[in-house]
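Q: How does the following fold in three dimensions:
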Amino acid sequence: MSNSIAIALIAAASFPGFFCYIYTSRLANAVATDIVTGVVGGLPVPAEYRWRLLYQRWVYYVCPAVGAAVAAAAINFKIARLAVDDGVQSIAYLFAFGFALAVVGWLLTGLSEFAYYRRVLKEATKD
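A: A predicted model of the protein is given here:
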């Protein structure tokens, strides 16, 4: 694969993956605030609605964030294996490593956040 094609593919794989990851992460964090505070749009909401927010919004925002990072990491890893030039390979591996770190980060923090939100909602349900 030529250097120019490899660089174009790195950009084509990385930029959409990055923006999808950032956008869905932002959406998940906004919903997380609603879940923890119990206030949506300035109005208090019942715990049942907050449970729905957790399972029907927060989870569905985290999954695309992780999926976009997995896809971008896999594509960049494949580009690195097909690239001829060592410099282009290094760049592709660097992008693949960065997206792999994002996947690991979301999996670890996402699981701990999910457990925290469940604990907060269980306490809210008791009241």
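
Q: ok, longest helix in the chain?
A: Assignment by DSSP state H gives helix 86-126 as the longest helix of the chain.

Q: Mind giving me the packing neighbours of it?
A: helix 3-37, helix 47-53, helix 59-82 (3 or more CB pairs under 8 Å, 6 or more residues apart in numbering; DSSP states H and E). From N, CA and C alone the C-beta is placed, and that goes for glycine too.

Q: Single out the most deeply packed of those.
A: helix 59-82 (a mean of 19; mean count of other CB atoms under 10 Å).

Q: sorry, back to before: now the helices and strands packed on helix 86-126 in JSON lines, with mean pLDDT and distance to Arg118?
A: Shown next, in JSON lines, are those (pLDDT from 0 to 100; distance: least, CB to CB, whole Å):
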{"stretch": "helix 3-37", "mean pLDDT": "91", "distance to Arg118": "10"}
{"stretch": "helix 47-53", "mean pLDDT": "94", "distance to Arg118": "9"}
{"stretch": "helix 59-82", "mean pLDDT": "92", "distance to Arg118": "11"}
